[in-house]
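Q: Coordinates for the following, if possible.
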Amino acid sequence: MELSYWQSRWEKGNTGFHMPGGYPGLRNHWDTLNISTEAHVLVPLCGKTPDMTWLATKTNKVTGVEISEKAIREFLDEQNLTAEP
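A: Numbering: from 1, shown residues only. Coordinates of the predicted model:
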């Protein structure tokens, strides 16, 4: 799938795949994964998932990768965060 497809979906607001409350399976199974609090967690195609903020309470470092600038701006706004260069 082309990256432009995902960019277009975000720009058009066609984000039925987005889960405003985050992915329940993550919270339900996190403790069974035995991931260290020192872990660095990578979240590819993170969109604006609140899972990023939740993960930051569980590990030292969380990195989200997203192609859509709109999704990133919305995430920052919704989580009351600011971007750093």
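Q: quick one: contacts of stretch 59-76?
A: 3, 6-7, 10-11, 15, 35-49, 52, 55-56, 81-83 (C-beta atoms under 8 Å, 6 or more residues apart in numbering). In this view, the C-beta of every residue, glycine as well, is placed from N, C-alpha and C.
Q: Mind listing what's buried along it?
A: The neighbour-count check on stretch 59-76 (16 or more other C-beta atoms under 10 Å) flags 62, 64, 66, 68, 70, 71, 72, 74, 75 as buried.
Q: Where strands are concerned, which of those residues count?
A: Members of those lying in strands (criterion: DSSP state E): 62, 64.
Q: re earlier: the contacts of stretch 59-76, buried ones only, as a PyMOL selection?
A: Remark: buried members of the contacts of stretch 59-76, expressed as a PyMOL selection using 16+ other C-beta under 10 Å:
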select buried, resi 6+10+15+41+43+46+47+48+49+52+55
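Q: Now, the contacts of stretch 59-76 that are in helices?
A: If you go by DSSP state H, those have 3, 6, 7, 10, 11, 52, 55, 56 in helices.
Q: Nearest to residue 26, out of the buried residues of stretch 59-76: which one, please.
A: Using C-beta to C-beta, the shortest approach to residue 26 within the buried residues of stretch 59-76 belongs to residue 62, at 12.0 Å.
Q: and that closest one, what are its bridge partners?
A: In this entry, residue 62 is beta-bridged to residue 41, by DSSP bridges.
Q: can you tell me how far it sits from residue 25?
A: Using C-beta to C-beta, to the nearest Å, we find residue 62 at a distance of 17 Å from residue 25.
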